[in-house]
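# Have a look at this prediction, sequence included:
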Amino acid sequence: MIKKKKKAIPLSRLIKKADEIASRIVRKRDGCCLLCGKKKSESEPLQAHHYIITKGRSTKHRWNLKNLVSLCYPCHLFKMHSTQTCLRYTEALKKSAIMNGVATEQEIEEIKNDMETIHSTRSFIETKIEELKKIEEEQNANQ
């Protein structure tokens, strides 16, 4: 009997999987928009947002839960992804993240000042997925 070789999952699918798990964890952790306080609803679920953009689109902090917060759709789109208002709300979002226990001021500075660029490798992403799955299992067990 000839065994078929297992096809490797494309990196893009692994990245998407890690994004989805991290997003679920963050939305559950925060429970509301950290800018306006709006709770999630069926018609308008919360979205995950990276409030510190790392250099060169590095994946090093892409799934760092201290660099992710929940926002409602209007705050995410119109406040954080609008050139005119982004800078004004970024500081407010960082303060909210600190107040809500997402990250400390020191952790935010460390992420912001980290200039190391890490690009997506299969082993790096697979390791992150496993880490995120463990965090999500713990989060679900604590409810």
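Looks like it arrived, so ask away.
# So what's the residue count around the spatially closest residue to residue 103 that is not a sequence neighbour?
Closest residue to residue 103 in three dimensions, ignoring its sequence neighbours and counting by C-beta to C-beta, 6 or more residues apart in numbering: residue 66, at 3.8 Å. No exception for glycine: its C-beta is placed from N, CA and C like everyone else's. Residues near residue 66, counting by other C-beta atoms under 10 Å, number 16.
# Next one, pLDDT for residue 66 please.
Predicted confidence (pLDDT) at residue 66: the value is 93.
# now swap in residue 118 and tell me
Per-residue pLDDT puts residue 118 at 71.
# can you check the one 3 residues further on too?
As summarised for this prediction, residue 121 has a pLDDT of 83.
# what's the burial count for the closest residue to residue 34 other than its chain neighbours?
The shortest distance from residue 34 to any residue other than its chain neighbours is 4.3 Å, reached at residue 96 (C-beta to C-beta, 6+ apart). Applying other C-beta under 10 Å, we find 19 residues neighbouring residue 96.
# hey, where'd the strands end up in the protein?
47-50, 68-71 (DSSP state E).
# returning to that earlier point: wait, what's in contact with the residue nearest to residue 34?
Shown here is residue 96, whose contacts under the criterion C-beta atoms under 8 Å, 6 or more residues apart in numbering are 34, 35, 69.
# Check what pLDDT it gets.
What the model reports for residue 96 is a pLDDT of 91.
# tell me which residues in the lowest-mean-pLDDT helix or strand in the chain are buried?
Lowest by mean pLDDT, DSSP states H and E among the helices and strands of the chain is helix 83-99, with a mean of 83. Residues 89, 93, 94, 96, 97 are the ones in helix 83-99 that count as buried (16 or more other C-beta atoms under 10 Å).
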